[in-house]
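[1] sequence plus the predicted model coming up.
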Amino acid sequence: MPIFLVHVSVWNDKLLNTDAMKFKIGLFVLVLMNFGAVDLLAQSQDDGYIMTVNGRLDINDMGKTLIHEHIVTNFNGTKNPNEPFEDQEMAVDLILPYLKNLKILGYKTLFECTPSYIGKNVHLLKELSKSSGLNIVTNTGYYAAVDKKYLPEHAYNETAEELAERWLSEWEGGISHTGIRPGFIKLGVGSGALDSLEQKIVRAGMLMSQRTGLTLVVHTGDGESIKSQFLMAKDHNFDLNKLIWVHAQNGTDEERISMAEKDIWISLDGVNETKVEEYVGMIVKFKERLLLHKLLLSHDDGWSVEFAKGEFSLKLFENGNSQPYRTISEILEKRLYDIGLNKAQIDLILIENPKRAMAIHD
């Protein structure tokens, strides 16, 4: 496809000496991407890396990616930002077969979104990554959703700059002195316009992102909340391409399209067996508006930490999936082919978009 090769090489060429010409070629490229001609994208976005629990990884080695999943989460909250189990072996024995199955399904990378103080366990993630061969990425940041029950006390008293410095120390030296570094910033906010504390948390995330290049991944209660985040980003000159609207399925089609057109990433990350057709409908809207290049998909699967009669166990999330991490590959992808998407378009969503959304640049 010769015309594709032009876009790769001419952005700094004399042919593009006007903003109008750049806009026309850029628009043409987006049309090609959304109709499945994504070879150019792969050629023009090859630089960058992600930070996995095992260290730095070139984005070209990410492969098929689940952008928003969990391994284990403790909904009771934890005293420490990183909380290892006394019996890690039990957790490995339970979870490892599902991660190995992910490899069989063609996936290479999983972004693990359990935040600090809610059961993050980076040693477990590293052990599972090495045993399964799956690239696993963990995070830094704080979770102010669910009535702020998971926020540490210092989050109320410190400034946004001070919070960002805490997270920066994890990026530079590792989480809880483990040497395991985060690969993105995970925040959580509730519904409606951001309150003052949520604004501070989001501002800290923006500062951290601007310092490090890490993407800001925000659990978001509804469309009003993402609108509030957008206004903050504009006020602080924050790159909207570094912001992911997590749980965007909780908004409306109009809100999702509007935010995607503003360059915010739209994460439909609750794909489950009981709502496949709802997700198909949302994806169709993006295809119709030529916005597949701003779309991310995942399940939000994982296990919760349970305690009963003094006994520790793990319980699969009750989110509509009978088996974790499988519905996209085994059900949703087939439906997308049925409605007319092609392999290149599905690869755009599951391979190319995660690369562009999560890439860190030196």
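    Thanks, I have the structure now.
[2] where do the strands sit along the stretch 251-362 of the chain?
    265-268, 295-297, 303-308, 311-316 (DSSP state E, counting those that start in this stretch).
[3] residue 94 is nearest to which of those?
    strand 311-316 (5.8 Å; Cβ to Cβ). Using the backbone N, CA and C atoms, a C-beta is placed for each residue, glycine as well.
[4] list the buried residues of that closest one.
    Using 16 or more other Cβ atoms under 10 Å as the test for burial, strand 311-316 gives 314, 316.
[5] and that strand, C-alpha only, in CSV?
    Extracted in CSV, the C-alpha atoms of strand 311-316 (Å, rounded to 0.1, in the frame of the first residue of the first chain):
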residue,chain,number,x,y,z
GLU,A,311,-9.4,-18.9,56.8
PHE,A,312,-7.9,-17.1,53.8
SER,A,313,-9.2,-17.7,50.3
LEU,A,314,-9.6,-16.1,46.8
LYS,A,315,-13.0,-15.7,45.1
LEU,A,316,-13.5,-15.0,41.4
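[6] strand partners of that strand, parallel vs antiparallel please.
    strand 303-308 (antiparallel) (DSSP bridges).
[7] what are the contacting residues of the partner strand?
    Residues outside strand 303-308 that contact it (Cβ atoms under 8 Å, 6 or more residues apart in numbering): 70-76, 91, 94-95, 119, 312-317, 324.
[8] if you set the cut-off to 10 Å instead, what comes out?
    70-76, 78, 83, 85, 91, 94-95, 98, 118-119, 121, 312-318, 324 (Cβ atoms under 10 Å, 6 or more residues apart in numbering).
[9] and what of stretch 248-256?
    By Cβ under 10 Å, 6+ apart, stretch 248-256 touches 191, 220-227, 245, 257-260, 264-271, 275, 278-279, 281-282, 284-286, 289, 291, 294-296, 300.
[10] out of the contacts of strand 303-308, which sit inside helices?
    91, 94-95, 98 (DSSP state H).
[11] and these, which is closest to residue 179?
    residue 91 (20.6 Å).
[12] model confidence for the closest one, exactly?
    Note on residue 91: pLDDT of 96.
[13] with residue 309 instead?
    Residue 309 is assigned 73 on the pLDDT scale.
[14] and it, how far from residue 76?
    Residue 309 sits at a distance of 15 Å from residue 76 (criterion: Cβ to Cβ, to the nearest Å).
[15] which one's more surrounded, these two?
    residue 76 (13 against 4; other Cβ atoms under 10 Å).
[16] out of everything not next to it in sequence, what's closest to that one?
    The shortest distance from residue 76 to any residue other than its chain neighbours is 7.2 Å, reached at residue 305 (Cβ to Cβ, 6 or more residues apart in numbering).
[17] so where's this protein uncertain?
    1-46 (pLDDT under 70).
[18] do that again at 90, thanks
    1-47, 85-87, 307-312, 362 (pLDDT under 90).
[19] and the residue nearest the centre of it?
    residue 67 (4.3 Å; Cα atoms, centre = their mean).
[20] any idea which element that residue lies in?
    strand 64-69 (DSSP states H and E).
[21] run the chain-centre distance for that strand.
    7 Å (Cα atoms, centre = their mean, to the nearest Å).
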